[in-house]
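In: What follows is a predicted protein model with its sequence.
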Amino acid sequence: MLLYIILKIVLLSLKEHKIQSIQTMKKFFLVLLVLVGSFRYSIAQCPLNAFAFLSVYPQCPLGCGVLLKDWPEGVIVNIYGGSPIGVISSVLIPGTFGGPGTGDAFVCVPCNVTLIFASTVPGATNGCVIISLGTVPIKLTDFNVSSRGNKSCIVKWTTTNEPGGSRYTLQRSLNARDFSDVSTYIGKGNNSNNYFYEDNQLQQGNIFYRIKIIEVTGKITYSETALLKNQSSLGVSIYPNPAENTFKVTIPTQFLPASILLYNIDGKVVNSITTTKSTLTVNKKLPKGVYGVRITGNNNAAVTQTLLIK
């Protein structure tokens, strides 16, 4: 429509000035070409608030992918790059064509081709500049759990290298193997942020927490595991937990002497100790993993706790 209007204006101008010479005609058509070129440039611009991110994505056959965020619904977006510049790949933004909203899409691309911009215009010469996220992952720091009594705790963590659009799912487990989702947070962006969750649904025993990190590319990683020892009146404790090669077991004196069995995830006993000390230091090099510690007192009462070796 706009091209038609431009052409009509030029023709009316020619008629008004009664231009006859070929030279003058050439000048007017040159102006027309410039106007058409400007029109093409304007429609190839990046849509408002749209973005294109490039990152390593192992699930893609070619190793990398481009995430398109907040593009108009129903349009086909072309990824331009290489030398000479050409279309590397294309993807359809979900939704109704010309719909009122925006959508996201992801397309796999080769890692060894320089990508420059994304555009909905075939044969475009410009568009949304593709931002390379590189391979810098989101990092979690200060991930910890603090008790607020037998039925409540606070889980906290801090993020760095956070680009925005990422998600964090707090997961909980009673055995450090089978985790279930507790709550999901949408990343705030701005590189670094603090998050916390108050868990009011605790059970007795050891409770393990971890953070599932879902980056904007879809890449999933997990934090280290944090442990909350929610023991109200058992009187037996193991620390530090998680441990490396050395940990301590404390046992109330009224249960001494006591026997201690340490067994692995397959139920095989890897260490057996009898002690008359209320605090016993266990120094044994063990493979990383989850272990059970069963303490049996002189009254034949037994307590089993989970130990994580890191």
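Out: Thanks, I have the structure now. Numbers count the residues shown, from 1 in each chain.

In: Any stretches of the stretch 1-150 of the chain with poor pLDDT?
Out: By pLDDT under 70, the low-scoring segments of the stretch 1-150 of the chain are 1-45, 58, 133-137, 149-150.

In: Could you report the pLDDT at residue 222?
Out: For residue 222, the pLDDT comes out at 90.

In: Now do the same contact list for residue 184.
Out: By C-beta atoms under 8 Å, 6 or more residues apart in numbering, residue 184 lies in contact with 167, 168, 169, 170. No exception for glycine: its C-beta is placed from N, CA and C like everyone else's.

In: actually residue 211, not the one I typed
Out: Here residue 211 is in contact with 140, 143, 157, 168, 169, 170, 171, 222, 223 (C-beta under 8 Å, 6+ apart).

In: Wait, a strand at it?
Out: Yes: Residue 211 forms part of a strand when assessed by DSSP: H, G, I helix; E, B strand; the rest coil.

In: Check which helices and strands the helix or strand residue 54 falls within is in contact with.
Out: Residue 54 is located in strand 51-56, with elements delineated by DSSP states H and E. Helices and strands touching strand 51-56, by 3 or more C-beta pairs under 8 Å, 6 or more residues apart in numbering; DSSP states H and E, are strand 63-72, strand 115-119, strand 128-129, strand 131-134.

In: what are the pairing partners of that strand, and which direction each?
Out: strand 63-72 (antiparallel), strand 131-134 (parallel) (DSSP bridges).

In: Centre of the chain to that strand, how far?
Out: The chain centroid and the centroid of strand 51-56 are separated by 13 Å, computed with C-alpha atoms, centre = their mean, to the nearest Å.

In: Strand 115-119 and that one, what's the angle between them?
Out: For strand 51-56 against strand 115-119, the angle by axes from the mean of the first three to the mean of the last three C-alpha atoms, to 10 degrees is 140 degrees.

In: Right, I'll leave it there.
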